[in-house]
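Asker: 3D, please:
(one chain, ligands or ions: 1)
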Amino acid sequence: MNKLENPIYVTQPALPPLEEFTELLKQIWDNKILTNNGPFHQQFEKELAAYLGVKYISVFSNGTLALITALQALRITGEVITTPFSFVATTHSLWWNNIKPVFADIEPNTFNLDPEKVEAAITPQTTAIMPVHVYGNPCNLKEFQRIADTYGLKLIYDAAHAFGVKVNGDSVLNFGDLSILSFHATKVFNTIEGGAIICQDEKTKQRIDYLKNFGFAGETTVIAPGINAKMNEVQAAYGLLQLKYVDENIAKRKAITENYRKQLANIPGIKYMEDMAEVEHTYSYFPIFIDAKVYGKTRDELYNELKKNNIYGRRYFYPLISEFPSYRGLTSANPANLPVAEAVAEQVICLPIYPNLDLESINKIIETIKSYSINI
Ligand SMILES: *Cc1c(COP(=O)(O)O)cnc(C)c1O
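Answerer: Below you'll find the predicted structure:
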């Protein structure tokens, strides 16, 4: 096969029209307000809450600081049960708060934290559960709430993959005590860097707003050792513009997903996710799972073959967080405790997906996967 001239990366950021952005920049130059809850910041929070269908949202300079601040806002200490099958920031946010991560295994069909395994991992030191809606698939919301209520635990969702996702018409962000979004350049909705915390009442929103601004609650009042995690006016203006185009971008992602599914359907040993009936998906990732015995090549062999052809998938998530040096010494990080996560991490490749991924590129990707199989 001919090597592609232009590399296809796993993602490419969706950018708003430059002319429209420069108009907003002019307004910022006129306002001379660059940060500290300026007019664009206020408008962005309002419009974002309306778009997502949530009551209270506080925007941040990035998703990791939102995660760290969420744990501070609820005064989480001791142990938190979380998933090894995520981006490292999920567990790092615990480390930065001096909280001990306790890893529990994932479900084989959704790749989300398994509620049964979570319940079995609860100790007297457990104060919270931090699941991730992996690839935007909603976690078992009901079970996690039941466990949180039964054991008196807080429930914080890392919803970095779940922008705009709805369950039976309701935002997935309305579940649990807090949810965290990331607006990093690689996500479905980006503000270059950025993030948010969604909470369920005004008092919590107020506390989060204090914490992201050094703990200032007034000119001379500092209520806690807060951090600086504010979103600036340039990002907020850019975000407002992005909101105008996000539905169009999600529709393009959906079309690409459907095309991938159709073309991959008859390749033995390649599995992919289907939509869930009650869920409105936003198609943040397109992972495939390789059964090496049936496909005839291992995941890493296919990953490298794609690379040779200038196609850059990503092994999300591999290695597991529990295998990094900072965490592998934990009892719960033992691979024997995480058999499902271990297996999935050896099978997955996320294929390129972004709004402007063209048909020709998709066909090249499929062709490469097909021609490399021993069975076709
Ligand atoms: C992207 C991501 C984060 C971190 O967000 P940043 O905005 O990059 O700091 C956290 N958790 C998950 C699951 C992510 O995918």
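
Asker: can you tell me which residues contact N98?
Answerer: N98 makes contacts with T77, as judged by C-beta atoms under 8 Å, 6 or more residues apart in numbering. Where C-beta positions appear, they are placed from N, C-alpha and C, glycine not excepted.

Asker: same question for A333.
Answerer: A333 is in contact with P84, F103, S322, E323, Y327, counting by C-beta under 8 Å, 6+ apart.

Asker: who wins for neighbours among the residues you listed?
Answerer: Using other C-beta atoms under 10 Å as the neighbour test, the contacts of A333 are led by P84, with 28 neighbours.

Asker: my read: that residue touches A341, true?
Answerer: Yes: counting by C-beta atoms under 8 Å, A341 is a contact partner of P84 at 5.1 Å.

Asker: any shared contact partners between these two?
Answerer: I106, L320, S322.

Asker: make JSON lines from the residues you listed and add pLDDT to it.
Answerer: Converted to JSON lines, the shared contacts of P84 and A341 look like this (pLDDT from 0 to 100):
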{"residue": "I106", "pLDDT": "98"}
{"residue": "L320", "pLDDT": "98"}
{"residue": "S322", "pLDDT": "98"}
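
Asker: closest to A217 out of those residues?
Answerer: S322 (38.5 Å; C-beta to C-beta).

Asker: touching, the closest one and F103? I think so.
Answerer: Yes: between S322 and F103 there is a contact under C-beta under 8 Å: 4.9 Å.

Asker: which neighbours do those two share?
Answerer: Common neighbours of S322 and F103 (C-beta under 8 Å, 6+ apart) are P84, L330, S332, A333, L338.

Asker: widest-spaced pair of those?
Answerer: L330 and L338 (11.1 Å).

Asker: who's more crowded, those two?
Answerer: Comparing L330 with L338 by neighbour count (other C-beta under 10 Å), the higher total belongs to L338, at 24 against 15.

Asker: now A128: how far from the ligand?
Answerer: Distance, A128 to the ligand, by C-beta to the nearest ligand atom, to the nearest Å: 16 Å.

Asker: contacting residues for that residue?
Answerer: A128 is in contact with L71, L74, I76, V80, I81, L153, K154, L155, I156, counting by C-beta under 8 Å, 6+ apart.

Asker: and the stretch 51-200 of the chain, which of its residues are near the ligand?
Answerer: For the stretch 51-200 of the chain, the residues in contact with the ligand (C-beta under 6 Å from any ligand atom) are 62-64, 86-87, 89-90, 132, 158, 160-161, 182, 184, 195.

Asker: with that, I have no additional questions.
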